[in-house]
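In: what's the 3D shape of this:
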Amino acid sequence: MRIVGGKYRGKKIIPPLHEGTRPTSDRTRETLFNILLHNPLLGLMTLNNKTVLDVFAGTGALGLEAFSRGVQSVTFIENNRETLPTLYANIKSFQLPAACVLEQDARSLQENLGTPFELIFMDPPYRHDLILPALTHLKSKGWISKDAVILIELAKDESLELPPFLDMGVERISGAAKLLFCSVRA
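Out: As a prediction, this is how the structure comes out:
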C-alpha cells in the first residue's frame, strides 16, 4: 500500500496487522480522488484548507491520502483496538501536523464543539450496516458541515438508502468497492 498522489506520492502505508481491517486499495483511492477532484457534479472541489473526518479510519489510508493532497487537518475515528496501533504508526510516519484520533464509535460521539467537517470519508467493514446509523448520529451532533461532501465506500453488491439530508452526486464501482459521492442537501 502506498500514497498514490500529492506531496507524499509513493510513500508506504503500514498495512493492517490483522484480517479484520480492509484498507481501501491504491487503485480505488486513485479512482476516488480523481472523481472527487475532477467530476463537475461535485462542483469545483479543492482539498486545500479542507477539514477532513476519516470515519472507520482503519489504517488511515484515506485521511493520509487527503493529507498528501493538501488538506488542512484530518480527524480519524477508529474504535478497533487491534487496528489502532497501525493507525498511530501511520500517522507518526507522516508526521501529521494537524491530526487527531478519536478512539470511539462514530455512532455514539458527543456533540462536536469545534468546526463541522467539510470532507468526510466513511469506509466501514462491509455488510455490517454501520453507515446509516453513523451518518445520522454525526449529522445530529454537528460533525457534518452544511456544505460537506461525503464519500461512502461499501461492497459493490451492497445497497444503502441514504438519509434524507444527503443527495447522491456520483456512484462508481471500483474493484470490489462501490463508491458513493454525496453532498448535504441544502
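In: which secondary structure elements does the helix or strand of the chain with the lowest mean pLDDT contact?
Out: Among the helices and strands of the chain, helix 26-38 carries the lowest confidence by mean pLDDT, DSSP states H and E, at a mean of 86. Applying 3 or more Cβ pairs under 8 Å, 6 or more residues apart in numbering; DSSP states H and E, we find helix 26-38 packed against helix 61-68, strand 144-155, strand 166-174, strand 177-184. For the C-beta atoms, the positions are set from N, CA and C on the backbone; glycine is no exception.
In: hey, C-alpha coordinates of that helix in CSV?
Out: Extracted C-alpha coordinates of helix 26-38, given in CSV (Å, rounded to 0.1, in the frame of the first residue of the first chain):
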residue,chain,number,x,y,z
ASP,A,26,-4.3,2.0,-4.1
ARG,A,27,-6.3,1.7,-7.3
THR,A,28,-9.6,2.5,-5.6
ARG,A,29,-8.1,5.5,-3.7
GLU,A,30,-6.8,6.8,-7.0
THR,A,31,-10.2,6.5,-8.6
LEU,A,32,-11.9,8.1,-5.6
PHE,A,33,-9.6,11.2,-5.6
ASN,A,34,-9.9,11.6,-9.4
ILE,A,35,-13.7,11.7,-9.1
LEU,A,36,-13.6,13.9,-6.0
LEU,A,37,-11.3,16.5,-7.7
HIS,A,38,-12.5,16.4,-11.3
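In: and the following helix or strand past it with helix 61-68, angle?
Out: Next along the chain after helix 26-38, taking DSSP states H and E as the criterion, comes strand 51-55. Angle, strand 51-55 to helix 61-68, by axes from the mean of the first three to the mean of the last three Cα atoms, to 10 degrees: 170 degrees.
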